[in-house]
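Engineer: Below are the sequence and a predicted model; questions follow.
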Amino acid sequence: MSHSFRISAGTVFGRTLSRFKADLGIGALALALVFLGAQAVLAHEFKVGDLEIEHPWSRATPAGAKVAGGYFTIVNKGSTPDRLLSISSDVSEKAELHQMGVKDGVMTMRPVDGGLEVPAGGKVALAPGGYHLMFIGLKRQPKQGEKFAATLTFEKAGTLNVEFAVEGMGEMGGMDDHAN
């Protein structure tokens, strides 16, 4: 003998099921808001004049490493260009602006002389494989999850203190877009 039954919206079970669906929707919304809030915390920004520095980050380094890289995006919301002239940090003896590229099939890395221009109304990404900072002569190893301070000096906007978030050794910059 087969039995079949239907659940109507008027039954206790039907009302409970409807309430569960509503609660599930509220829970999903709350989870989405928590996730978006976490992204905002990870996506730290700094501002000086017309320039915004988006998500300065570095990678953790293995024991004994003497150098570390630094990355971020500079957004110029002004009507005149500016230039990143120098950087300093207590994490290393010195810091330099470098550029990676491929020439005749060979990857090269060289210091950038004269600073890095940030065009008016434009942006420049310092990212793995392109422009980046080199922290040379590390005084301590950057560890995943910590932050370290640095000072950026611009030709027109002046100096800006920033914090580099240290990500894992193989990371590519978290969830932020570091493309030009």
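Structural biologist: The structure has been received and is ready for your questions.
Engineer: Show me what S58 is bridged to.
Structural biologist: G70, V166 (DSSP bridges).
Engineer: Let me fix that, I meant to ask about E96.
Structural biologist: Beta-bridge pairing for E96 (DSSP bridges): M134.
Engineer: for it, what are its contacts?
Structural biologist: Taking Cβ atoms under 8 Å, 6 or more residues apart in numbering, we find E96 in contact with P111, V112, L133, M134, I136. Where you see a C-beta, it was placed from the backbone N, CA and C, and this is true even at glycine.
Engineer: same thing but 10 Å
Structural biologist: Residues counted as contacts of E96 (Cβ atoms under 10 Å, 6 or more residues apart in numbering) are V67, S86, I87, R110, P111, V112, H132, L133, M134, F135, I136.
Engineer: Test my guess that the second one contacts G114.
Structural biologist: No. Judged on Cβ atoms under 10 Å, S86 makes no contact with G114 at a distance of 11.0 Å.
Engineer: who's more crowded, these two?
Structural biologist: S86 (14 against 8; other Cβ atoms under 10 Å).
Engineer: ok, the more buried one to V67 distance?
Structural biologist: Applying Cβ to Cβ, to the nearest Å, the value for S86 to V67 is 17 Å.
Engineer: before we move on, what about G137?
Structural biologist: With Cβ to Cβ as the criterion, G137 and V67 are 8 Å apart.
Engineer: Quickly list what's touching both of the two.
Structural biologist: Joint contacts of G137 and V67 (Cβ under 10 Å, 6+ apart) are S92, A95.
Engineer: List the buried residues for stretch 46-55?
Structural biologist: Residues of stretch 46-55 classed as buried by neighbour count (16 or more other Cβ atoms under 10 Å): F46, V48, D50, L51, E52, I53, E54, H55.
Engineer: What segments of this protein are helices?
Structural biologist: In the chain, the helices defined using DSSP state H lie at 12-42.
Engineer: Quick check, central residue of it?
Structural biologist: Residue closest to the mean C-alpha point of the chain, counted by Cα atoms, centre = their mean, is H55 at 3.6 Å.
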